[in-house]
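Participant: Let's see this in three dimensions:
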Amino acid sequence: MSDLKTIKQRARGAVKRHYVLVTLLCAISIFVGTEFNNVVNNAQTWYEFLRGRQIQVALEGIGNDRSVWRKVVNDLIEDNIEAGNIEAKERMKLLKEATSSKSILGHQRGVLATVVNNINSGYLMAMVSTAVHNALHSRNVFKMLLVVLGLLIYLAVWAYLRNAYKAVLRRGLLEARSYEVVPTGHLLHMKLVKRWTRAALTLLLQTVYESLWYLTLVGGIIKHYSYFLVPFIVAENPDIAPREAITLSRRMMNGHKWECFKLELSFLGWFVLGFVTFGAADVLWGVPYRVASYAEYYAALRQEAKASSVEGTGQLNDDCLYVHADPAVLRERYADIARNEEIILEDIVELPPRKRFFAKNFGIWTGTLAEKKIYGRQAGLRHQTQVERLEMNGRAYPRRMNPLWNKAQSSIAAHISYLNPCTIWTLVVVFFAFCMVGWVWEVALNLIRFGQFSNRGMLHGPWLPIYGAGVVMIAVLLNRFRSQPALEALTIMVLCGFVEFMTSYITELITGLRWWDYTGYFLNLNGRICGEGLAVFMLGGMTAVYLLVPIIDNMTMRVRPKLLVGVCVALLLCFTADMVYSFINPNMGDGVTNELDMIKTTAPAADTTNTLQQ
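Facilitator: The predicted structure follows:
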């Protein structure tokens, strides 16, 4: 196996070749709380130090002290739910008191704060146990169902999206180390081969095993290295069974744990530099460099394990991730590209200037559905042909050489393309779909955090317009950047930040109420927007326009036009009526306009800011 110096040298080359892509992928992981939470912690700690505050590295054994977590768990195991909750909340309070809620780098609230504080204090375990306990003993059946539903939604989103993103990140790194171009669609490899659910279950099982081992402290440290390769194994072969992936990682890491520890330790200087630069060095180079080095390390261990015939390495069968395929084989496998180009020319649609303007600049289709089908087929085939020509020429990873590749499944790209324009009615469906999903998401989070149902938002209906309007604006106003994912991601953050800030300012100016407040969140601006929120908007927006909106558009194309128009008009009428009524009688109450009061009640902090008042 290559020495660590050579591995890191190759990693630097990979990051330089794909700097924007790798940095963006790692930044998403940081800001949504998937991995590398130390970046945010370092920035907050250093900021508080510069402000003259005392840095509390160990708050009565809090921080990363596993003994605290074990104490909370022991209370819960002994069915002493109340004691476990009290212990966890006290720890949460002390953790939050270490920072100021008024700080622009506040770390009291939000997903980033929740990830660190909840886990370190044991509050996450107490929260889950309390939810289950309340569900089993509640006399109110409706409330019981809501609590269970909220808990399931929260855990599903965490396991299916945030935790599964580990494999997405590593898939991107494995392709970046070997190929000149990494098309956006390749990052969804697990989805394209229909193995996302299995991959998510594998990574969930790894997290559960590792968490249980950490109850023994020493065992947790050892298993951290034993399971180190699981995300890479899943990224290469998402079809592998969960237990087999974990077992294979253990076998491949046998005799290499100390070596892996030294590799992690070699980035100590970058940890320090990241600390003194408020985390900027980590985001801009340290984390991408580290993950790229881990990818090179996995490739080296994989080669050694296969050479030594380690049991189970036969399932590591995606050889084109590491070695380019023979050009003659690629030309044979991609022989139908010429036929696709002929189809594009045969079905070409000539659009009038007005229709072309809206389709090209805003992604809005104003022609007939028959023309849209031909235009969409052209756009899908054109994009697919461009990507496949890169694959055939050896510049991008050849998906057709993947063991899980299926011609029928890959043809979906020709029918569901993020470059296809949408009809007005499709955009209406997209608006209401995301309005309702956003409402369900926030209601579920409120149930988990505070144990009560709250009709979130300023309206009375089951929708939050900020979600639907945000996705529609991204889909329409940023359509010109759709073929450039990095630029699309940047413009999404700028657009959503501006819209959210202005919406908060104008609604407070008109009604005197705030329906959200990011005071205490990391990188917040007057409590109206925050860095974490912008990162979530960016990730959600990218997922929406590159995956979900095309799927919705494809589904609405199959619905009878009269039925589609009737449903959309009915929804618009209900929404308009709700807006008029809510303007006169705004939706207010617990969990709606006084969330900070609830936070003070459930998890008090020493420096909580002004509550939301009328």
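Participant: Show me where the stretch 401-550 of the chain dips below the pLDDT cut-off.
Facilitator: Along the stretch 401-550 of the chain, segments meeting pLDDT under 70 span 407-417, 447-453, 515, 520-523.
Participant: And the chain, by the same measure?
Facilitator: Where the chain drops to pLDDT under 70, the residues are 1-2, 38-147, 149-150, 341, 343-349, 407-417, 447-453, 515, 520-523, 589-614.
Participant: Please list all residues in contact with the residue nearest the centre of the chain.
Facilitator: The residue lying closest to the centre of the chain (CA atoms, centre = their mean) is Arg162, at 4.8 Å. Residues near Arg162 by CB atoms under 8 Å, 6 or more residues apart in numbering: Val32, Gly33, Thr34. Using the backbone N, CA and C atoms, a C-beta is placed for each residue, glycine as well.
Participant: Helix, strand or coil: sort out the second one for me.
Facilitator: Going back to what we said before, that points to Gly33. coil (DSSP: H, G, I helix; E, B strand; the rest coil).
Participant: separation between it and Ala535?
Facilitator: 9 Å (CB to CB, to the nearest Å).
Participant: Leu152: how many residues sit nearby?
Facilitator: Per other CB atoms under 10 Å, the neighbour tally for Leu152 reads 12.
Participant: what's the helix or strand for it?
Facilitator: helix 141-157 (DSSP states H and E).
Participant: Following that helix in sequence, what is the next regular element?
Facilitator: Once helix 141-157 ends, the next helix or strand along the chain (criterion: DSSP H and E) is helix 165-176.
Participant: Can you name every helix or strand that whichever helix or strand comes after that following helix contacts?
Facilitator: Where DSSP H and E defines the elements, the next helix or strand beyond helix 165-176 is helix 189-192. Packing partners of helix 189-192 (3 or more CB pairs under 8 Å, 6 or more residues apart in numbering; DSSP states H and E): helix 165-176.
Participant: Can you name the residues in contact with the helix it packs on?
Facilitator: Contacts with helix 165-176, where a contact means CB under 8 Å, 6+ apart, come from 14, 17-18, 21-22, 25-26, 28-29, 32, 34-35, 182, 186-190, 199, 203, 231-232, 234-236, 238, 291-292, 294-295, 298-299, 321, 396-397.
Participant: Buried subset of those residues as a PyMOL selection?
Facilitator: In PyMOL syntax, the buried subset of the contacts of helix 165-176 is picked out as below (16 or more other CB atoms under 10 Å):
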select buried, resi 14+18+21+22+25+26+28+29+32+34+35+182+186+187+189+190+199+203+231+232+234+235+236+238+291+292+294+295+298+299+321+396+397
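Participant: who touches the one helix or strand Ala281 maps to?
Facilitator: Ala281 belongs to helix 280-281 when elements are defined using DSSP H and E. Around helix 280-281, the neighbours that count as contacts under CB under 8 Å, 6+ apart are Trp270, Leu273, Gly274.
Participant: So which of these are in helices?
Facilitator: Per DSSP state H, helices hold the following members of those: Trp270, Leu273, Gly274.
Participant: According to the record, where do the domains of the chain fall?
Facilitator: The chain breaks down into these domains under automatic domain parsing: 1-34+166-315, 37-162, 321-414, 424-602.
Participant: how distant is the first one from the center of its chain?
Facilitator: So that's domain 1-34+166-315. 17 Å (CA atoms, centre = their mean, to the nearest Å).
Participant: and if you look at the shortest one?
Facilitator: Here the centre of mass of C-alpha atoms in domain 321-414, compared against the chain's by CA atoms, centre = their mean, lies 27 Å away.
Participant: Tell me which residues of stretch 242-257 come out buried.
Facilitator: Buried-residue list, stretch 242-257, by 16+ other CB under 10 Å: Pro242, Ala245, Ile246, Thr247, Leu248, Ser249, Arg250, Arg251, Met252, Met253, His256, Lys257.
Participant: Now these in JSON lines, please, with extra columns for secondary structure.
Facilitator: Below are the buried residues of stretch 242-257 laid out as JSON lines (three-state DSSP):
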{"residue": "Pro242", "secondary structure": "helix"}
{"residue": "Ala245", "secondary structure": "helix"}
{"residue": "Ile246", "secondary structure": "helix"}
{"residue": "Thr247", "secondary structure": "helix"}
{"residue": "Leu248", "secondary structure": "helix"}
{"residue": "Ser249", "secondary structure": "helix"}
{"residue": "Arg250", "secondary structure": "helix"}
{"residue": "Arg251", "secondary structure": "helix"}
{"residue": "Met252", "secondary structure": "helix"}
{"residue": "Met253", "secondary structure": "helix"}
{"residue": "His256", "secondary structure": "coil"}
{"residue": "Lys257", "secondary structure": "helix"}
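Participant: out of these, who's nearest Leu4?
Facilitator: Closest approach to Leu4 among these (CB to CB): His256, at 11.3 Å.
Participant: The residue lying closest to that closest one once chain neighbours are set aside and Pro403, how far apart?
Facilitator: Nearest residue to His256 in three dimensions, chain neighbours excluded: Leu301, at 6.4 Å (CB to CB, 6 or more residues apart in numbering). According to CB to CB, Leu301 and Pro403 sit 20 Å apart.
Participant: Equivalent analysis for Trp463, please.
Facilitator: Relative to Pro403, Trp463 is positioned 43 Å away (CB to CB).
Participant: Look at the two and report which has more neighbours.
Facilitator: Comparing Trp463 with Pro403 by other CB under 10 Å, the one with more neighbours is Trp463, at 25 against 12.
Participant: name the element the residue nearest to His256 belongs to?
Facilitator: Counting by DSSP H and E, Leu301 is found in helix 287-307.
Participant: Just the CA atoms of that helix, as PDB, please.
Facilitator: C-alpha atoms of helix 287-307 as PDB (Å, rounded to 0.1, in the frame of the first residue of the first chain):
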ATOM      1  CA  VAL A 287     -12.200  19.400   5.100                       C
ATOM      2  CA  PRO A 288     -12.000  18.800   1.300                       C
ATOM      3  CA  TYR A 289      -8.300  17.800   1.700                       C
ATOM      4  CA  ARG A 290      -9.100  15.500   4.500                       C
ATOM      5  CA  VAL A 291     -12.000  13.700   2.800                       C
ATOM      6  CA  ALA A 292     -10.000  13.400  -0.400                       C
ATOM      7  CA  SER A 293      -7.200  11.800   1.600                       C
ATOM      8  CA  TYR A 294      -9.600   9.300   3.100                       C
ATOM      9  CA  ALA A 295     -10.800   8.400  -0.400                       C
ATOM     10  CA  GLU A 296      -7.200   7.800  -1.500                       C
ATOM     11  CA  TYR A 297      -6.700   5.700   1.600                       C
ATOM     12  CA  TYR A 298      -9.700   3.600   0.900                       C
ATOM     13  CA  ALA A 299      -8.600   3.100  -2.700                       C
ATOM     14  CA  ALA A 300      -5.200   1.900  -1.400                       C
ATOM     15  CA  LEU A 301      -6.700  -0.400   1.200                       C
ATOM     16  CA  ARG A 302      -9.100  -1.800  -1.400                       C
ATOM     17  CA  GLN A 303      -6.300  -2.700  -3.800                       C
ATOM     18  CA  GLU A 304      -4.400  -4.400  -1.000                       C
ATOM     19  CA  ALA A 305      -7.400  -6.300   0.300                       C
ATOM     20  CA  LYS A 306      -8.300  -7.600  -3.200                       C
ATOM     21  CA  ALA A 307      -4.700  -8.600  -3.800                       C
END
